[in-house]
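Enquirer: Requesting a structural model of the entry that follows:
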Amino acid sequence: MSEDLNQLRSAIDNLDNEILQALAKRMKLSDQVIAAKNGAVAFRPGREAALVRQLVINSESNGHDLPPSVILGVWRQIMAASLSRQNGDLAFAVHDMVMPAAAWHMGSALAATSFDQMTPLLDAVASGQCRYGLVPANHDIAALLTALDQHQHLSIIARTPLYDMPSLHPAYIIADYLPDPSGDDISLYAVPAADGFALTMIDGHHGNDAEVDAPANLPRDARLVGIYSR
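Expert: I've put the predicted structure just below:
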């Protein structure tokens with residue numbers, strides 16, 4: 001039994017080294033992407049979501065017993081490390097309620113400033129003090145929509161985690177651009193209401209021109225405030 005155990009441990013050690021070499025190779029390729037993007041935004045949540053979904057499909061088709069949340073967790077940290085190599089401005093403004101989600105999403109690459117209210121948090125992102133914002137995805141949405149109305153160049157670009165996890169309060173990620181289509185997206189619209197705004201969710205990626213691309217069943221004064229992958 002001792003000899004078998006040693007052989008198994010040796011095999012795991014060898015495999016870990018192979019994983020390490022593959023990870024180092026991936027990071028080198030990531031460095032080459034920096035030059036190819038020529039200054040374009042590195043964080044592309046639509047592409048990341050499509051990549052993770054494809055990995056889950058590949059795993060299932062190959063008969064692996066890896067839960068999607070495990071695949072997501074491993075690749076989320078790989079993508080965070082890659083992102084930190086491509087972008088030096090990864091300062092996040094994070095609502096207190098979703099600090100655990102921010103730490104999970106960015107790992108050791110996270111540089112966070114904590115806020116307990118929506119308005120100063122979005123002010124920090126709008127002013128450039130922080131590159132991204134993380135806010136609760138299912139708490140105080142009216143305050144979020146009001147703050148977004150004050151900074152209409154900001155949008156919701158992702159929801160994290162991609163797959164729900166009981167230990168993490170889900171968060172919206174805020175930035176000054178919209179995400180690429182991922183193949184399975186939800187568009188978010190702020191609809192004026194008597195006491196502020198209401199959030200309406202529409203299946204699909206409806207672009208960044210609300211007047212042209214908004215679904216016909218929405219009021220004319222509805223405004224696109226974000227898109228996220230699911």
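Enquirer: for the chain, what helix or strand is lowest in average pLDDT?
Expert: helix 210-213 (a mean of 47; mean pLDDT, DSSP states H and E).
Enquirer: how about residue 94, secondary structure?
Expert: Judged by DSSP: H, G, I helix; E, B strand; the rest coil, the three-state class of residue 94 is strand.
Enquirer: And the strands in the chain?
Expert: 91-95, 111-115, 132-136, 155-160, 171-175, 185-193, 196-203, 223-229 (DSSP state E).
Enquirer: now the protein, which segments are flagged as low pLDDT?
Expert: Residue ranges of the chain with pLDDT under 70: 1, 37-40, 87-89, 207-216.
Enquirer: for the residue nearest the centre of it, what are its contacts?
Expert: With distances taken as Cα atoms, centre = their mean, the chain has residue 158 as the residue nearest its mean C-alpha position (4.4 Å). Residue 158 makes contact with 45, 49, 172-173, 179, 228-229 under the criterion Cβ atoms under 8 Å, 6 or more residues apart in numbering. Heads up, the C-betas are built off the backbone N, CA and C, glycines and all.
Enquirer: Tabulate those residues in a markdown table, adding columns for distance to residue 153.
Expert: Shown next, in a markdown table, are those (distance: Cβ to Cβ, whole Å):
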| residue | distance to residue 153 |
| --- | --- |
| 45 | 18 |
| 49 | 23 |
| 172 | 16 |
| 173 | 15 |
| 179 | 15 |
| 228 | 18 |
| 229 | 21 |
